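*Asks:* Need the 3D shape of this:
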Amino acid sequence: MDRASTFSDDETLELLRTKFVSYAPSVTEMLKARGPAGDLFRKVVNQRPEPKHSKQGYYVCTPDGQLLKGWMYPRPDDGTMKRYLKEVLEAYQAPEDVQVLDAAKMDRHAAPLPPEGGAVVEVSAKLLEAEWQQTNVERLTLIRGAIGRDRMWITKAEVQDLVRGSLADSLVERMIRFHFIDNTRGIAGAWKPADLKELQLKTTPEDGKLKIEGSVVLGEAGDRHFNVKIQGVLETKGEAISRFDLLAQGTHSEKTTKVGEIPIGESKLAIAFALAAPGESCKVPPLYSYEPGNYLRTSKLKVTELLHPVK
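*Replies:* Sure thing, here's the model as predicted:
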């Protein structure tokens with residue numbers, strides 16, 4: 001919804017790029033982060049009086065943490081963001097003395113970094129076909145066609161496996177459990193190991209490429225189901241991944257809403273994986289990377305027990 005309204009305006013984007021330092025953290029994690037970054041974040045967000053039920057929203061502040069503008073509504077944006085940015089710029093006076101935050105005290109649980117020597121993959125999810133209840137609510141109309149975005153981390157050991165022409169069990173499980181997710185309208189729960197009902201996967205090394213095809217069946221008792229077909233091509237160059245093109249798509253259904261609204265019956269969900277371009281966006285943590293010892297877990301997996309060759 002924010003991408004379709006607030007951040008679809010070119011003038012707003014230009015203001016943010018050239019006149020402000022933009023920061024988009026996980027509110028949940030930063031509210032409990034230890035160290036100076038967490039202290040500064042809480043100082044800023046606690047200056048906004050409304051709404052009291054949530055700290056989500058937008059904040060414009062000085063480098064020393066004085067709130068200049070803070071708001072959550074309206075959603076979708078009606079031009080409020082651009083108007084507030086211009087008002088702040090017109091009245092802004094920079095503070096004379098700003099204390100530098102001690103980077104050595106950064107809480108890496110709240111701001112985790114990609115695994116050293118690994119790789120980052122962009123993940124995009126979209127409902128290609130879905131039936132919805134009739135609505136006149138603009139917010140719902142916008143987000144029904146939204147693209148869910150995330151990143152997938154690959155460890156150094158998993159990269160080395162791909163260089164040798166094999167796909168690590170740990171990477172397969174991470175991709176399925178944490179990224180075969182409908183996150184197009186909000187945060188959906190990760191799949192539990194027991195939700196992985198069936199997995200068939202065939203990997204074929206060919207001319208420096210690793211071709212992948214297969215199927216996955218995921219299911220929660222009485223609730224969410226996802227029957228998926230997988231196709232992909234992975235390539236390496238030297239000791240690094242040079243291509244990670246993979247598409248997972250199939251029928252998705254859900255009976256209990258956790259994100260405000262769900263389609264009627266079955267829908268067609270597609271999830272695309274592509275190697276991330278270098279840059280700041282690579283540092284944005286995956287949604288479930290805040291679960292230490294779980295997201296990057298590489299041992300005691302159940303995926304091998306379900307792995308069967310494609311006939």
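
*Asks:* What's the first helix or strand after the helix or strand containing residue 250?
*Replies:* Per DSSP states H and E: residue 250 is located in strand 240-253. Once the chain leaves strand 240-253, the next helix or strand it forms, by DSSP H and E, is strand 264-275.

*Asks:* and that next one, what does it pack onto?
*Replies:* For strand 264-275, the packing partners by 3 or more Cβ pairs under 8 Å, 6 or more residues apart in numbering; DSSP states H and E come out as strand 119-131, helix 169-179, strand 240-253. For every residue, glycine as well, the C-beta is placed using N, CA and C.

*Asks:* which residues of this structure fall in strands?
*Replies:* For the chain, applying DSSP state E gives strands covering 58-61, 67-71, 119-131, 148-154, 196-206, 209-219, 225-237, 240-253, 264-275, 307-308.

*Asks:* Tell me which of those sits most buried.
*Replies:* Sort the strands of the chain by mean neighbour count, taking mean count of other Cβ atoms under 10 Å, and strand 148-154 sits at the top with a mean of 21.

*Asks:* Taking their axis directions, it and strand 119-131 sit at what angle?
*Replies:* Going by axes from the mean of the first three to the mean of the last three Cα atoms, to 10 degrees, strand 148-154 is angled at 150 degrees with respect to strand 119-131.

*Asks:* Quickly run through the sheet partners of strand 148-154, with directions.
*Replies:* When pairing is defined by DSSP bridges, strand 148-154 lines up against strand 119-131 (antiparallel).

*Asks:* about what we covered before: strands paired with the strand holding residue 250, and their directions?
*Replies:* Each strand paired with strand 240-253, and its direction, by DSSP bridges: strand 225-237 (antiparallel), strand 264-275 (antiparallel).

*Asks:* To residue 169, which of those strands lies closest?
*Replies:* strand 225-237 (15.1 Å; Cβ to Cβ).

*Asks:* Give me the contact list for the closest one.
*Replies:* By Cβ atoms under 8 Å, 6 or more residues apart in numbering, the residues outside strand 225-237 that reach it are 159, 162-163, 167, 180, 201, 208-219, 241-254, 269, 273.

*Asks:* hmm, back to that, what's the spacing between the strand holding residue 250 and its chain's center?
*Replies:* Computed by Cα atoms, centre = their mean, to the nearest Å, the chain-centroid distance of strand 240-253 equals 15 Å.

*Asks:* and it with helix 169-179, angle?
*Replies:* Interaxial angle of strand 240-253 relative to helix 169-179 (the same axes, to 10 degrees): 50 degrees.

*Asks:* how big is the angle separating strand 240-253 from strand 209-219?
*Replies:* If you take the same axes, to 10 degrees, strand 240-253 sits at 30 degrees to strand 209-219.

*Asks:* Extract the C-alpha trace of strand 240-253 and format it as CSV.
*Replies:* Extracted C-alpha coordinates of strand 240-253, given in CSV (Å, rounded to 0.1, in the frame of the first residue of the first chain):
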residue,chain,number,x,y,z
ALA,A,240,30.7,-17.0,-6.2
ILE,A,241,27.1,-17.3,-7.4
SER,A,242,26.6,-15.4,-10.6
ARG,A,243,22.9,-16.4,-11.3
PHE,A,244,20.1,-17.5,-9.1
ASP,A,245,16.9,-17.6,-11.2
LEU,A,246,14.2,-19.7,-9.6
LEU,A,247,10.4,-19.7,-9.8
ALA,A,248,8.0,-21.4,-7.5
GLN,A,249,4.3,-21.2,-8.3
GLY,A,250,1.1,-23.1,-7.5
THR,A,251,-2.2,-23.2,-5.7
HIS,A,252,-2.4,-21.4,-2.4
SER,A,253,-5.3,-21.4,0.1
